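Engineer: below are the sequence and a predicted model for it; my questions follow.
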Amino acid sequence: MEKRFRERYLAGEVEFEEIDTYTQEWGMSDSDLKLGQYLGLSEEEEDAWVSDSEEALKELLDQAKRG
């Protein structure tokens, strides 16, 4: 199975802006997954993204990166 956005971002394989590409791919796919699941986000991360902003999501992911 291909790595999700979150896993690749935390590994330093993609820049945060790549989330837009993943979102577009999800929109054009026939996946039964919700967007947050498709991206590999936790509920907290998805809530921050939806309720606050992309910057809030990036901050949470960057905190996870630091350990």
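Structural biologist: That came through, no problem.
Engineer: let me see the contact set for the residue nearest to E54 when sequence neighbours are not counted.
Structural biologist: Closest residue to E54 apart from its sequence neighbours, by C-beta to C-beta, 6 or more residues apart in numbering: I19 at 7.3 Å. In this view, the C-beta of every residue, glycine as well, is placed from N, C-alpha and C. Residues counted as contacts of I19 (C-beta atoms under 8 Å, 6 or more residues apart in numbering) are 5, 9, 39, 54, 57.
Engineer: ok, T21 next?
Structural biologist: Here T21 is in contact with no residue (C-beta under 8 Å, 6+ apart).
Engineer: roughly how far apart are it and R66?
Structural biologist: Distance, T21 to R66, using C-beta to C-beta, to the nearest Å: 24 Å.
Engineer: burial count for K65?
Structural biologist: Using other C-beta atoms under 10 Å, K65 has 11 other residues around it.
Engineer: and the residue of the chain most remote from its centre, which of the three is it?
Structural biologist: Most distant residue from the mean C-alpha position of the chain: D30, 18.3 Å away (C-alpha atoms, centre = their mean). Following DSSP: H, G, I helix; E, B strand; the rest coil, D30 is assigned to coil.
Engineer: can you classify the residue lying closest to Y9 once chain neighbours are set aside as helix, strand or coil?
Structural biologist: Spatial nearest neighbour of Y9, chain neighbours left out: L61 (5.8 Å); criterion: C-beta to C-beta, 6+ apart. Taken by three-state DSSP, the conformation at L61 corresponds to helix.
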